[in-house]
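*Asks:* no sequence for this one, just the structure:
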């Protein structure tokens, strides 16, 4: 429940900052993080795990 409250409060803080943030650079950064950095880092971590390629792809 505390985590939910923290997300709501974080959303309130972001709603005040959002009009000042540049939209397209923010979307570009989010896309790079979601589609390149996160799968790459998880792939590096999972390289030593004993899991099938399907499981690794699902996690990444």
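*Replies:* It's in. Model, not experiment: these values are computed from the prediction.
*Asks:* Which helix or strand contains residue 50?
*Replies:* Of the helices and strands defined by DSSP states H and E, none includes residue 50.
*Asks:* Please disregard the earlier target; I meant residue 31.
*Replies:* Here residue 31 is assigned to helix 23-32, by DSSP H and E.
*Asks:* So which residues of this structure form helices?
*Replies:* 2-17, 23-32, 38-46, 53-59 (DSSP state H).
*Asks:* from those helices, which stretch is densest packed?
*Replies:* Scoring the helices of the chain by mean neighbour count under mean count of other Cβ atoms under 10 Å gives helix 38-46 as the most buried, with a mean of 13. Where you see a C-beta, it was placed from the backbone N, CA and C, and this is true even at glycine.
*Asks:* That one to helix 23-32, inter-axis angle?
*Replies:* 20 degrees (axes from the mean of the first three to the mean of the last three Cα atoms, to 10 degrees).
*Asks:* can you list contacts of helix 38-46?
*Replies:* 56, 59-60 (Cβ atoms under 8 Å, 6 or more residues apart in numbering).
*Asks:* ok, of these, which one's closest to residue 28?
*Replies:* Proximity of those to residue 28 (Cβ to Cβ) peaks at residue 60, which lies at 20.7 Å.
*Asks:* what's the burial count for that closest one?
*Replies:* 14 (other Cβ atoms under 10 Å).
*Asks:* How far does stretch 18-28 sit from its chain's centre?
*Replies:* 16 Å (Cα atoms, centre = their mean, to the nearest Å).
*Asks:* sorry, that was for stretch 11-26
*Replies:* 16 Å.
*Asks:* returning to that earlier point: same question for the helix holding residue 31, mean pLDDT?
*Replies:* Rounded to a whole number, the mean pLDDT of helix 23-32 is 88.
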